[in-house]
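S.K.: Please find the sequence and the predicted model below.
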Amino acid sequence: MDNFHFFRKILLIVLLFAGLFSGELVAQQQFTLTEFNPQQTQLGVYHSYQFKTLLISLVQKPSDQFNCRPNTYFIYQYGKGRLLELHAGDLRVDRDFNRAMYTKIHTLGILSKQNQRDWKKRAAQIMLALEVPAQTMDSGKSENKQQTLSCWQQPVLTELNGYKLRTYPFLVSNLCQQRWCSDFFWSDAQHVKLWIQVEPKKLHKVSLNTQSGSIKYQTSSAPFKRDKYQQTNAPRDNLVTPDKLNGSSVLLPGKQGNIVFSWKKNKNQQITLSFMRNPAAKLEAQESNQQIESYLQEREYTKALSAIRFALWQDPQHEGVRFNRLKLFALMHQPQKLFTALKDDFSPAERTKACQRIHLEPTFKNLWKRQNFLNQFQQTCS
């Protein structure tokens, strides 16, 4: 009987630790990419198994609430452990999933006596970027319903291997009302065909040489708008078929273990996009951390925050990523978040080491002048 109780106790302890470990593992491997309202946003998921890439597009549906905001696109190269987030009017990945052409959005509010100087400066900057005169710029603009905001599209090329950008000086025609649609596509590995506007009352369909930046005119037309248009973002079938609108998943064979990407409707009728992985991907997180450091140097705080979330999903224990989050909070002048992260994300031994680094890092130099920061540092690090 004593042996029975002894083994029973041992079994309970084993099960308890197994449950705790399992719960921790599930918490570590889940990554919520974003959440959106399916009544307002159209989801697209394009998967290239050959190139181990997933393109996720969140395109605004036609609405009177159009306010020149860009759509959101995620390009996840799961074969390399890279995630790129882009905000653009339209986007098209080439057939080899090596490059993407997208449209950068320029916006301008209404002119008033109070902002006359800044407005003219901003308008001049947009005209210079698009290389169009004022008449063409006025004719080719899109507007929100209240006509308080004008916007224009400019073509940009991004190399998915290294994320190098190249911007072209053209005004891309927006061919739909109350949403973005540009109708451009890759005709071959080097050329993109698209509609641009170089004259006030005429649109031109051209072939853009993405290497040289030159264009060849193919046809022209009076300005027109399309009533029906389905944005297609990649030379692959969209996995979001009518029977899978509310939820589905796809298995992705990553560099360090399989990954599951899923979308599902939650209790609030929103759709949540998420990734699940097991085990942690330490090498991928190290590569992501290098990109984070680049974002911090360039003061790209929004991109850095997104990249940190992604890297901590790859490896929740990566010390470099966790410390870079402290640096980000310092650069964003958010000391309270900094010390909360220092308490919650670092073990006592790790915290001591991090506190020593804070003393030495130039990023935190200006914060030492604040008495509140000094007080919190002493409370957390003593």
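M.R.: On my side now, so go ahead. This structure is a prediction, so every number in the text was calculated from the model and none was measured. Residues are numbered from 1 along each chain as shown.
S.K.: CA only for contacts and neighbour counts going forward, please
M.R.: Noted.
S.K.: where does the stretch 151-300 of the chain dip in pLDDT?
M.R.: Filtered on pLDDT under 70, the stretch 151-300 of the chain yields no residues whatsoever.
S.K.: how close does Asn161 sit to Asp90?
M.R.: 20 Å (C-alpha to C-alpha, to the nearest Å).
S.K.: Compare those two and say which is more crowded by neighbours.
M.R.: The neighbour count for Asn161 versus Asp90, taken as other C-alpha atoms under 10 Å, is higher for Asp90 (27 against 12).
S.K.: list the contacts for that one?
M.R.: Residues near Asp90 by C-alpha atoms under 8 Å, 6 or more residues apart in numbering: Asn71, Tyr102, Thr103, Trp180, Cys181, Ser182, Gln231, Asn233.
S.K.: Ser288 now?
M.R.: Ser288 sits next to Arg82, Ala307, Ile308, Ala311 when contact means C-alpha under 8 Å, 6+ apart.
S.K.: and with 7 Å instead?
M.R.: Applying C-alpha atoms under 7 Å, 6 or more residues apart in numbering to Ser288 gives the contacts Ala311.
S.K.: before we move on, back to that, which ones among the contacts of Asp90 are found in strands?
M.R.: Mapping these onto strands (DSSP state E) picks out Asn71, Tyr102, Thr103.
S.K.: Please tell me I have it right and the first one contacts Lys61.
M.R.: No - with contacts counted by C-alpha atoms under 7 Å, Asn71 stays clear of Lys61, the gap being 9.9 Å.
S.K.: For burial, what's the neighbour tally of Gln379?
M.R.: By the measure other C-alpha under 10 Å, the count of residues near Gln379 is 10.
S.K.: what about stretch 375-382, distance to the chain center?
M.R.: Remark: stretch 375-382 is offset 35 Å from the chain centroid, using C-alpha atoms, centre = their mean, to the nearest Å.
S.K.: actually stretch 34-51, not the one I wrote
M.R.: How far stretch 34-51 lies from its chain's middle: 13 Å, per C-alpha atoms, centre = their mean.
S.K.: Residues in contact with that stretch: which ones?
M.R.: With C-alpha under 7 Å, 6+ apart as the test, stretch 34-51 has contacts from 53-61, 97, 234, 236-240, 270-273.
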